[in-house]
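A.B. asks: pasted the sequence and its predicted model underneath.
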Amino acid sequence: MSKVLAVLEQRDGKLRKVSFEVITAARRLGDADAVVCDATDREACAAALAARAKSGGYRAVVFSATATGRDLAPRVAAKLGVAVVADLTDVVADGSGFLVTRPVYAGKALLKVKVTAQPAVLSLRPNVFTPDAAASSVKPETLPVTAGGRVKVREVKAAPAGTLDVAEAQVIISGGRGLKEPANFKVLEELAHAFGGRAAVGASRAVVDAGWRAHADQVGQTGKTVSPSLYIAVGISGAIQHLAGMRTSKVIVAINKDKDAPIFKIADYGVVGDLFEIVPKLTEEIRKLHG
Amino acid sequence: MKIAVCIKRVPDSETRVKVAADGKSLDEAGVKFVMNPYDEFAVEEALRRKEKAGAGEVAVLCLGPAAAQETIRTALAMGADRGILLQADKMPADSFEVAKLIAAELKSTSWDLILFGRMAIDDYNHQVGTLVAELLGLPSVSAVSHLEIEGATGVAEREIEGGIEVVEFPLPAVVTADKGLNEPRYPALKGIMAAKKKPLEVKPVQAGSGTLEVVALTPPAERKEGRIVGEGAAAVGELVRLLREEAKVL
């Protein structure tokens, strides 16, 4: 069986959820060796990974396309003389190479490519691969890094406790111009809170451009592409660039006062009406469920 | 300060994607092309850096078809000094081949700073800037939403899941720009007129074939038709029931 190098991610000494996705996918492709490496010194970490990839005879090196993975993978790929096959949503072995599917144009189309690079450097879109039961017991090897790189992480300013990134949340409640003013996002935050730490609040480009919400929260073609289990679009009409960023969500709910809004065409369930009446009622119902 | 900005010509974000007859590429008929939105942040940052330094040059480099001259003119209209088009009729699918062409052009000059957008909104590869840095042996920081430069040291902030990472690096370096870095200016009429007279060099290039072969471009799976559950707060009970019993997400 061919060998695959799975690059896992840790924060505060704990493996992140994406790591379980990476090991699950890597094991499907071959005999996977799991490694972690301290990415504080970016160049040193990349050098250690590239050295291991070269010496280990791997057929593929698998990353998660997180903020760190997206920075690290091309460094390693360049040292191996290949491109990263980035943000893929499906990969299968095909002869001596791989057949990969990756969303392009923000998910408005799927590109299928045959990868012949040896080794292939792959990055997986987060939240797409479901970790299997065996993933949680993975014991990665810590690669030693030789300090001396030029690019160093000096500090990580953590977001306030309890805030979940939209890219990682299982439930996303996104707001658009229908919220009328920034302070009204409070109704969405209350709904998110009712989900008990599984939900994040997202935003449309219009409200991010208006300065109501941070760019980190933006869902769409110039923001984040997300695939949560449940996406609730509130007061968002559904511009094509927004739909592109959330169309792979498992279940989509739209709440909008305009029954002809394009968001209803993509939503599984729609409720037409005043969001300021509907959302608080929904919050109340969700609270009851989570009692 | 000598700054290079690498930009790309991409379909506008409101484009409806139609697959061309070859089954492997975008049907470009009727598609409006623009400068990649993330590259606008890179151009703006370069202009601000030059303005702050009071001297220097901002050169814009683009790999693309002949029509990408228009994209370069947009950057010149914003205030960049000169443009270089690496003219290729077909964009390679392999980002490493793209990076090799760009690095080969950049290496003849010693730049203080090389800027890219953090990714292109068409192919979503988000790697060319970092690959170019590696090929040139320069330090790099990707997806930067805040940048401070003091002498030959840069401090950048980049968004990570659930926080912000503060990264320190020496110049010269490659930085890729994220939204939030600045507010790009619109070209003024005066700038648009001036841009017509600015130098734009066209160099034909030939990309290698790389290790990626496009097999197909297909529309994503259609979502099945949804339904309107009802109107107003009265519909919430039924919505919650459907989410629990039918969709099983609660």
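C.D. replies: Ah, there it is. Residues are numbered from 1 along each chain as shown, chains lettered A, B, ... in the order given.

A.B. asks: quick check: B:Glu183 vs B:Glu44, distance?
C.D. replies: 7 Å (C-beta to C-beta, to the nearest Å). (Each C-beta comes from the backbone N, C-alpha and C, glycine too.)

A.B. asks: what about those two, which has more around it?
C.D. replies: The residue with more neighbours, out of B:Glu183 and B:Glu44, is B:Glu44; 21 against 10, by other C-beta atoms under 10 Å in any protein chain shown.

A.B. asks: name the helix or strand for that one, please.
C.D. replies: helix B:37-53 (DSSP states H and E).

A.B. asks: just checking, what packs against that helix?
C.D. replies: strand B:2-7, strand B:57-64, helix B:69-78, strand B:113-117, strand B:173-177 (3 or more C-beta pairs under 8 Å, 6 or more residues apart in numbering or on different chains; DSSP states H and E).

A.B. asks: need those in TSV (columns: distance to chain A, mean neighbour count and mean pLDDT).
C.D. replies: Listed next are those as TSV, based on distance: least, C-beta to the nearest C-beta, whole Å; neighbours: other C-beta atoms under 10 Å in any protein chain shown; pLDDT from 0 to 100:
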stretch	distance to chain A	mean neighbour count	mean pLDDT
strand B:2-7	14	25	98
strand B:57-64	14	24	98
helix B:69-78	17	22	98
strand B:113-117	10	28	98
strand B:173-177	8	28	98
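
A.B. asks: circling back: okay, buried residues for the helix holding B:Glu44 please.
C.D. replies: Buried residues in helix B:37-53, counted by 16 or more other C-beta atoms under 10 Å in any protein chain shown: B:37-50.

A.B. asks: check stretch A:230-240 too.
C.D. replies: So stretch A:230-240, judged by 16+ other C-beta under 10 Å, has buried residues A:Leu230, A:Tyr231, A:Ile232, A:Ala233, A:Val234, A:Gly235, A:Ile236, A:Ser237, A:Gly238, A:Ala239, A:Ile240.

A.B. asks: hang on, the third one packs against A:Ile173?
C.D. replies: Which is A:Ile232. Yes. A:Ile232 is in contact with A:Ile173 according to C-beta atoms under 8 Å; the separation is 4.6 Å.

A.B. asks: please enumerate the shared neighbours of those two.
C.D. replies: A:Leu191 (C-beta atoms under 8 Å, 6 or more residues apart in numbering or on different chains).

A.B. asks: distance check, A:Arg198 against chain B.
C.D. replies: Distance, A:Arg198 to chain B, using C-beta to the nearest C-beta, to the nearest Å: 11 Å.

A.B. asks: contacting residues around the closest residue to that residue other than its chain neighbours?
C.D. replies: Leaving aside its sequence neighbours, A:Arg198 sits nearest to A:Gln170 (C-beta to C-beta, 6 or more residues apart in numbering or on different chains; 4.7 Å). Residues in contact with A:Gln170 (C-beta under 8 Å, 6+ apart) are A:Arg198, A:Ala199, A:Pro228, A:Ser229, A:Leu230.

A.B. asks: hmm, try it at 6 Å
C.D. replies: For A:Gln170, the contacting residues are A:Arg198, A:Pro228, A:Ser229, by C-beta atoms under 6 Å, 6 or more residues apart in numbering or on different chains.

A.B. asks: highest neighbour count among those?
C.D. replies: Neighbour max across the contacts of A:Gln170 (other C-beta under 10 Å) = A:Pro228, 27 neighbours.

A.B. asks: where does pLDDT dip in the stretch 151-291 of chain A?
C.D. replies: Where the stretch 151-291 of chain A drops to pLDDT under 70, the residues are A:161-162, A:291.

A.B. asks: mind listing the strands for it?
C.D. replies: With DSSP state E, counting those that start in this stretch, the ranges of strands along the stretch 151-291 of chain A come out as A:152-158, A:171-175, A:199-203, A:230-234, A:251-256, A:269-272.

A.B. asks: next one: chain B
C.D. replies: B:2-7, B:9-11, B:33-35, B:57-64, B:82-87, B:113-117, B:140-150, B:153-160, B:163-170, B:173-177, B:200-204, B:212-218, B:227-231 (DSSP state E).

A.B. asks: sheet partners, orientation included, of the second one?
C.D. replies: On the basis of DSSP bridges, the sheet neighbours of strand B:9-11 come out as strand B:33-35 (antiparallel).

A.B. asks: so what touches the partner strand?
C.D. replies: Residues contacting strand B:33-35 (C-beta under 6 Å, 6+ apart): B:Ile7, B:Arg9, B:Asp12, B:Thr71, B:Thr74.

A.B. asks: alright, that wraps it up for me.
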